[in-house]
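Participant: Model the structure of this input:
(2 chains)
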Amino acid sequence: MHHISASYRVFLTINYAVLTILALLCLFPIVNLLAISFSSSSAVSSGSVTFWPVDFTLSSYTYILENNQFLGSFGTSMLRVVLGLSVNLILTILVAYPLSKEASTFRSRTVYAWFFVFTMLFSGGLIPGYLVVKETGILDSIWALILPGAVPVFNVLLMLNFFRGLPRELEEAAWMDGAGHLRTLWSVYLPVSLPSIATVTLFTVVGHWNAWFDGMIYMKSPDEYPLATYLQSMLQQMSLQTATVSLEQAELLTQVSNRTTQASQIFLSVLPILAVYPFLQRYFVHGLVVGSVKG
Amino acid sequence: MVNKRKRLPALLLTVILSVSLAACSSNTGNQNGNGSTAADTSSGNTASSVNEAAAEPLGKYEPAITVRTTMSETGKETLAEGDTYTNNVWTRGYEEELGIKMKYDWIVPSANYNDKMNVTLASGDLPDILKVTPVQFEQLHQAGMLEDLTDVYEKYASDLVKEFYSAEDGAALKPVTKDGKIYALVDYPGSLDSSDMIWIRKDWLDKLGLEEPKSLQDVIAIAEAFTFDDPDGNGKQDTYGISMNKDLPINSFLLGYHGYLETWIKDENGQIVNGTIQPEVKQGLAELQRLYKEGVIDPEFGVKDFNKAMEELNAGKAGMWFAPQWAPFQVMQMVKKDPNVNWLPYPVQSIDSEPAKTQNHLVLGGVFAVRKGYEHPEALIKLLNFQAEKMFGESAEAERAKYLNGMTGLGFQNAAVFNLPANKNVKAMEEVVEALETEDTSKLGLEAKLFYEDIKDYRSGNLDKWHMERIFGPVSSQAVIKHYRDNDLIVMNEFIYAPTKTMSSKSATLEKLRLETFLKIIYGELPIDAFDQFVTNWKKLGGEQITAEVNEVVQANS
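Facilitator: A predicted model of the protein is given here:
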């Protein structure tokens, strides 16, 4: 292995070159966004900003600090992630553990498993979903964003497969020492399942952070919007193409469509996920692989 | 949301279902359901005792009533300091002067409004005043869920409001009138502002020593000169004549060939046909194909959206674009940076001796209906009376600024319902131009006076107001519109009603087919004769069916 052949060297070079280009392709839009957020709006509207701010200014960020709605939505999203993560994790683990048992231990296991998988394949649809949420009385509250998706079945399957991959000796040893199911789950399974828990956590956090549609449907006022819904409503502009835009609308549009503030808000909203990623990533790959392949 | 009609039974079912659910549940929220029982609790005992004063257009309810509706958020900039959407100068005015308390079931950004309204309609928990789209109006009307407003409109509408709705032969209320009965009121800005025009950089014309266009041939020659003769004088051939984007705003060009894209017109037999598939459009496309090949049209327009195309325009890359009267708002930054830039609007030009006409559309900004069974349908009329009075009536002089958040502010967006006088802009322009000539401001209407002052401001050096000169000044987009109106150069879209059944299901497909085919033709990827194949496909894919339905609807309503 100490001798690196010429062809391997060529391979390495090409490999790194391709990967670098791919990485840059992913990075450029974010850098562009950042540059726009620090530029003056006239520079942006004439399209002269690429990767470096033109007419450097912090005005878009001061605007956000004074704009309660962005901060409020940020808080709502944070709360949603914390609550949603707790609910999802607890339920995922509590569902996955029994389902990971053999049919000889847990007789109607298959029925329950299909019960959950069924919801992955078929859903009630938008309107019935809305009616259920409405009649449950959680419309217009944070729970409308959390309870409908409280059991993420895909994550359950992931955990379930991971639990199954664990050596049976672990469980048997725990039984021998007199542990019940709860004790086994808590003291034996969970500590060795950190990789897959991290994976599920990442999925859940990103999912909750990015979800916008439910916020739009279930919330009564923009003050209660989570961040993703707020951003969506801000960015989705009226199309100016048609002649159907009145003079007043056109004027309003020039007042509200400010690309520098939009860019800064998008950037700030990406930041938390960017910050969480590196810490969970080391489990991430591991968790997905270990869950599927024994070894 | 593709096939709206087909979903109607399902929608009805959910509506009925949820009403019965609401009736069964002992829900303490007494606003539930659109049945008669629940509504009584919200507006109390005033139902039968409409007092004397309340019978006036602007009379006050004693005691106050509560009206439930919804609100679209249009930007905090429209609110006065300290006001909110639920408590602002309008809601306080309603309560103090009309005795109407507004209760907004929900308030969402305008981008999300229609989706939210769809869910609300399906859930069956209807607000008292329904602010909907024409499509939603049609669904509600067919489900029999709307109150007939004919009588209350006659009795309560103020003269001002009636005057607004009588404009253009009462066109505004035609789409919402069924069998002679009015089922809703509308926000109708008039059709004139949808006029097409050509915007050209006059400073480039002057630089190259070119005349203003008198024909479409001139327009083409100008576009070519802007491409090849270096109008920005930097020694490089880096400009192009016509700015374009992937949504193909080519109407103003095709009108030169008397082609009326996406417009329902009468043919010589009195039948209504779609302008898109007429041979005139083919001629125009052939010319566009040639111009694209020459490099006169932005070579990359097929991948640019509106905003991207605007960036290049603002960077001085193109000298001509097609847009309606609001175009100056999009280029005002450019003028601020370089006062020499001079965008001027020109009427559409013809390729032959027959003058070119603009194609105009009836555009409803909103439809305001009342749910069936609501005991104060007249409240809707009163709210409209109130808004008209505060903005244009006798009290406007004193109170307009307060209600609009500044004299020319956009605060009216926060009124529960609003309607502006149709085609008010061109009238204002006429007054402004006269006053600029005579220096006599006494005849100016309230809005016109504000525009006049803005133009004066611009002329004394304030570049922030440049757009007012180009919209309301002597050489402006509204002046072009006046030219169309006075010379009878307008082709009205014959179809002013809610989308027909097949339209709802097929028009997206047809639109996509059109865009793709036209784009390929202009790019030269398809020969111009592909247009004939497109016409055949268009008819086959639902166009024929839609045409039949359109004729049926127009006949039934004429």
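
Participant: all contacts plus neighbour counts: C-alpha atoms, from now on.
Facilitator: OK.

Participant: how about stretch A:48-55: buried residues?
Facilitator: Neighbour-count burial for stretch A:48-55, counted by 16 or more other Cα atoms under 10 Å in any protein chain shown, picks out A:48-50, A:52-54.

Participant: Count the neighbours of whatever residue of the stretch 351-500 of chain B ends up closest to chain A for me.
Facilitator: Closest residue of the stretch 351-500 of chain B to chain A, Cα to the nearest Cα: B:Val363 (6.0 Å). Other residues near B:Val363 come to 20 when the count uses other Cα atoms under 10 Å in any protein chain shown.

Participant: Okay, now the unreliable bits of the chain?
Facilitator: By default, I'm working from chain A. Counting by pLDDT under 70, chain A contains low-confidence residues at A:1-2, A:45-47, A:236-249, A:252-258, A:284-295.

Participant: my question was about chain B
Facilitator: Under the criterion of pLDDT under 70, the regions of chain B flagged as low confidence span B:1-54, B:75-76, B:406-409.

Participant: Next up, the contacts around A:Ser39.
Facilitator: A:Ser39 makes contact with A:49, A:53-58, A:260 under the criterion Cα atoms under 8 Å, 6 or more residues apart in numbering or on different chains.

Participant: if we can go back for a sec, export the buried residues of stretch A:48-55 as a markdown table, with columns for secondary structure and distance to B:Asp83.
Facilitator: Putting the buried residues of stretch A:48-55 into a markdown table (DSSP: H, G, I helix; E, B strand; the rest coil; distance: Cα to Cα, whole Å) gives the following:
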| residue | secondary structure | distance to B:Asp83 |
| --- | --- | --- |
| A:Ser48 | coil | 38 |
| A:Val49 | coil | 36 |
| A:Thr50 | coil | 39 |
| A:Trp52 | coil | 39 |
| A:Pro53 | coil | 35 |
| A:Val54 | coil | 36 |
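
Participant: Quick one: those as a markdown table, columns for distance to chain B too.
Facilitator: Below are the buried residues of stretch A:48-55 laid out as a markdown table (distance: Cα to the nearest Cα, whole Å):
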| residue | distance to chain B |
| --- | --- |
| A:Ser48 | 8 |
| A:Val49 | 11 |
| A:Thr50 | 13 |
| A:Trp52 | 17 |
| A:Pro53 | 16 |
| A:Val54 | 14 |
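
Participant: Just give me the residue closest to the centre of chain A.
Facilitator: Against the mean C-alpha coordinate of chain A, by Cα atoms, centre = their mean, the closest residue is A:Val206 at 1.2 Å.

Participant: ok, for that one, nearest residue in space, not its chain neighbours?
Facilitator: A:Ile273 (7.0 Å; Cα to Cα, 6 or more residues apart in numbering or on different chains).

Participant: Mark out where each domain of the chain begins and ends.
Facilitator: By default, I'm working from chain A. If the domains of chain A are taken from automatic domain parsing, they occupy A:6-45, A:67-292, with pieces of a single domain joined by a plus sign.

Participant: wrong chain, I was asking about chain B
Facilitator: The domain map for chain B lists B:4-188+B:365-414, B:424-491, B:502-542, with the assignment taken from automatic domain parsing.

Participant: Out of the contacts of A:Ser39, which two sit at the greatest distance?
Facilitator: Set against one another by Cα to Cα, these have their most distant pair in A:Val49 and A:Leu58, with a gap of 15.3 Å.

Participant: which bits of chain B sit near chain A?
Facilitator: The interface of chain B toward chain A, taken as Cα under 8 Å from any Cα of the partner chain, is made up of B:18, B:75, B:105-112, B:115-116, B:119, B:122-123, B:189, B:193-196, B:247, B:249, B:306, B:310-315, B:323-326, B:329-330, B:333-334, B:361, B:363, B:410.

Participant: Just the ones in strands from those residues, please.
Facilitator: B:105-109 (DSSP state E).

Participant: can you map out the helices along the stretch 151-295 of chain A?
Facilitator: Listed in chain order, the helices of the stretch 151-295 of chain A (DSSP state H, counting those that start in this stretch) span residues A:153-165, A:168-176, A:181-183, A:190-192, A:194-210, A:213-218, A:227-235, A:247-256, A:259-292.

Participant: before we move on, the earlier item: only the buried members of the residues of chain B next to chain A: can you turn that into a PyMOL selection?
Facilitator: Taking 16+ other Cα under 10 Å as the burial criterion, the selection of buried members of those in PyMOL is written as:
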select buried, chain B and resi 18+75+105+106+107+108+109+110+111+112+116+119+122+123+189+193+194+195+196+247+249+306+310+311+312+313+314+315+323+324+325+326+329+330+333+334+361+363+410
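
Participant: Tell me the residue of the stretch 1-150 of chain B that sits nearest chain A?
Facilitator: Of the stretch 1-150 of chain B, the residue with the smallest distance to chain A, taken as Cα to the nearest Cα, is B:Trp106 at 4.4 Å.

Participant: just the stretch 151-300 of chain B next, same as before
Facilitator: Among the residues of the stretch 151-300 of chain B, B:Ser194 lies nearest to chain A; the distance is 4.8 Å by Cα to the nearest Cα.
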